[in-house]
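Novice: the following block contains a protein sequence and its predicted model.
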Amino acid sequence: MIRYVEELAEKIGPRGSTTRAERNASKYLAETLQAMADEVQIQSFRSVPTFSWAYGMYYFFMVLAALLIPFLPVAAAVLALVNTLAYLLECHTFEVYTKILPKDRSQNVIARKSNPSEEGEMLSRVVLVAHYDTSRSGLSFHPKLVAGFRKSFILLNVCMAVILILALGAGIMALFGLEMLPVYNYLALPFALYVLFSVLLLIHREIWGVHTPGGNDNASGVAVMLDSFEHLGRDLPEGAEVWAVATGCEEAGTVGMLRFLEEYGEAIKDDYIINMDNLGIGHVKYITAEGMFYPMPADRDLILAAAACVRENPELDIGPHVYKALTTDATPALARGYKVISIMAFDDNGILPNWHWPTDKAEFVNPENLATASTLVQSIARQIWGR
């Protein structure tokens, strides 16, 4: 499996969303899957190249709402409320501002392998998913700061919530002709300063950040997906079908997964999705719940299958985990009611090693991690088919 990681992270290199390198990676994956699959397809779509500008707009409009409170309180209230609702939708992978931003080409690579039964009966389809694009680095992901990423995100959202409450209060008082205390006009400013700082961080990320090699995030996940697909495809039960879906533009806001679900969602609504992300370093975990604001539970059957694999293989370093940092390709599927689970790996502190940083190189990926994760994925799939 390590050869897949080296090919993606070293030979092809940084694979930023919508870039030429991302397209080169898709061609490599399509060629690799051709030897394993009955059918390989490229699903083309258009995507924003980054999440920075959309979220920068959300944060900027909250700052603007805070500044409008003394002058146009009703407008401040409307702006803060509409912006917050749009922000919550975007954080749950329902596109709002992303829809109006400039877009470029990207693609998913979709491979299928099936073993039709003579009676035409169909077992549950298993869809293996891993994104192959890489993120741009940013100060929030600096190795000395990344441990506080979750706390910073919570503080940011608290600040936005305070601005919303103060703007709504000012708007209501203005509508009813009530006088605001002079100090009320300035209460939102300290919170707006913190939100403005987040805007500046995103601007800094886009100007000075670099696309990472993506050895762990997510050449490791792609390697596990390819290995699992190959082994499962060699010995499919009658009536079983397995898909491998390499998504583009996950780092731009799970766009590849969104486009996949739009086109194929109805066909796989009753099937099972296993998402593989950041699997090259640390302790392999099956994610029992994930989400940026509140953890959405993974599918119960998939969790039970993962737990059964752990019981049957006590020598493997596998355990449960709740992931609450950023979205993964499982997030849009969870938010839309699909049966999905993520497989990831974390260090001793529960952090993704070399996350979104230039040190995310192939040389740091542990082949034993990949083997452990592939064993887990294959076990889950076979248990689903064997039910």
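Specialist: In hand now; what should we look at? Residues are numbered from 1 along each chain as shown.
Novice: now Gly280: how far from Met36?
Specialist: 21 Å (Cβ to Cβ, to the nearest Å). C-beta: built from backbone N, CA, C; applies to glycine.
Novice: who's more crowded, those two?
Specialist: Gly280 (30 against 19; other Cβ atoms under 10 Å).
Novice: what pLDDT does the more buried one get?
Specialist: Gly280 carries a pLDDT score of 98 in this model.
Novice: so who does it touch?
Specialist: Val5, Gly215, Asn216, Ala219, Ser220, Ala223, Ala345, Phe364, Val365, Asn366, Asn369, Leu370 (Cβ atoms under 8 Å, 6 or more residues apart in numbering).
Novice: over to Gln41?
Specialist: Val109, Ile110, Ala111.
Novice: now swap in Tyr55 and tell me
Specialist: Glu90, Leu202.
Novice: and it, its phi and psi?
Specialist: Main-chain torsions, Tyr55, degrees, to the nearest 10: phi -70, psi -30.
Novice: spatially central residue in the chain, please.
Specialist: Thr328 (2.0 Å; Cα atoms, centre = their mean).
Novice: show me what the top helix by length along the chain packs onto, helices and strands only.
Specialist: Ranked by residue count, the top helix of the chain under DSSP state H comes out as helix 149-175. Helix 149-175 sits against helix 52-68, helix 73-91, helix 189-208, with contacts defined as 3 or more Cβ pairs under 8 Å, 6 or more residues apart in numbering; DSSP states H and E.
Novice: show me the one of these that comes nearest Val377.
Specialist: Evaluated over these, closeness to Val377 peaks at helix 73-91, with 27.7 Å, by Cβ to Cβ.
Novice: just the buried residues of the next helix or strand after that closest one, please?
Specialist: Per DSSP states H and E, the first helix or strand lying C-terminal to helix 73-91 is strand 104-115. For strand 104-115, the neighbour count (16 or more other Cβ atoms under 10 Å) marks Ser106, Gln107, Asn108, Val109, Ile110, Ala111, Arg112, Lys113, Ser114 as buried.
Novice: which non-adjacent residue is nearest the last one?
Specialist: The shortest distance from Ser114 to any residue other than its chain neighbours is 4.0 Å, reached at Glu241 (Cβ to Cβ, 6 or more residues apart in numbering).
Novice: how many residues are close by the one you found?
Specialist: Glu241, neighbours per other Cβ under 10 Å, totals 22.
Novice: after whichever strand or helix holds it comes which helix or strand?
Specialist: For Glu241, the enclosing helix or strand under DSSP H and E is strand 240-247. Next along the chain after strand 240-247, taking DSSP H and E as the criterion, comes helix 255-264.
Novice: other SSEs contacting that next one?
Specialist: strand 39-47, strand 104-115, strand 126-131, strand 240-247, helix 330-335.
Novice: got the angle for that helix vs strand 126-131?
Specialist: Between helix 255-264 and strand 126-131, the angle comes out at 150 degrees (axes from the mean of the first three to the mean of the last three Cα atoms, to 10 degrees).
Novice: what residues sit buried inside helix 255-264?
Specialist: Val255, Gly256, Met257, Leu258, Arg259, Phe260, Leu261, Tyr264.
Novice: so who does the closest residue to the fifth one other than its chain neighbours touch?
Specialist: Pointing back at Arg259 there. Using Cβ to Cβ, 6+ apart and skipping the chain neighbours, the partner closest in space to Arg259 is Phe45 (4.1 Å). Phe45 is in contact with Ser106, Gln107, Asn108, Gly248, Cys249, Val255, Gly256, Arg259, counting by Cβ under 8 Å, 6+ apart.
Novice: which one is the first one nearest to, not counting chain neighbours?
Specialist: Pointing back at Ser106 there. Using Cβ to Cβ, 6+ apart, the nearest residue to Ser106 is Gly248, at 4.0 Å.
Novice: again with the third one
Specialist: Distances taken as Cβ to Cβ, 6+ apart place Gln43 nearest to Asn108, at 4.2 Å, with adjacent residues excluded.
Novice: surely that neighbour and Glu263 touch.
Specialist: Yes: using Cβ atoms under 8 Å, Gln43 is in contact with Glu263, at 6.5 Å.
Novice: contacts only, for Val96.
Specialist: Ala86, Tyr87, Leu89, Glu90.
Novice: could you do Glu250 as well?
Specialist: Ser17, His131, Asp133, Asn218, Gly256, Met257, Thr328, Asp329.
Novice: what about the closest residue to the fifth one other than its chain neighbours, neighbour count?
Specialist: Using Cβ to Cβ, 6+ apart and skipping the chain neighbours, the partner closest in space to Gly256 is Thr247 (3.3 Å). Thr247 has 28 neighbours, counted by other Cβ under 10 Å.
Novice: one step back: now the buried residues of helix 255-264 as a markdown table including pLDDT and distance to Asn157?
Specialist: Listed next are the buried residues of helix 255-264 as a markdown table, based on pLDDT from 0 to 100; distance: Cβ to Cβ, whole Å:
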| residue | pLDDT | distance to Asn157 |
| --- | --- | --- |
| Val255 | 98 | 23 |
| Gly256 | 98 | 26 |
| Met257 | 98 | 23 |
| Leu258 | 98 | 23 |
| Arg259 | 98 | 27 |
| Phe260 | 98 | 28 |
| Leu261 | 98 | 26 |
| Tyr264 | 98 | 33 |
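Novice: pick the one among these closest to Tyr338.
Specialist: Leu261 (7.5 Å).
Novice: tally of neighbours for Gly171?
Specialist: 23.
Novice: my read is that it contacts Leu68, right?
Specialist: No: Gly171 lies out of contact with Leu68 (Cβ under 8 Å); the separation is 9.9 Å.
Novice: could you tell me which residues touch both of those two?
Specialist: What both Gly171 and Leu68 touch, as defined by Cβ under 8 Å, 6+ apart, is the set Ala76.
Novice: just to revisit the earlier point, what residues of the longest helix of the chain count as buried?
Specialist: Buried residues in helix 149-175 (16+ other Cβ under 10 Å): 149, 152-153, 156-157, 159-160, 162-164, 166-171, 173-174.
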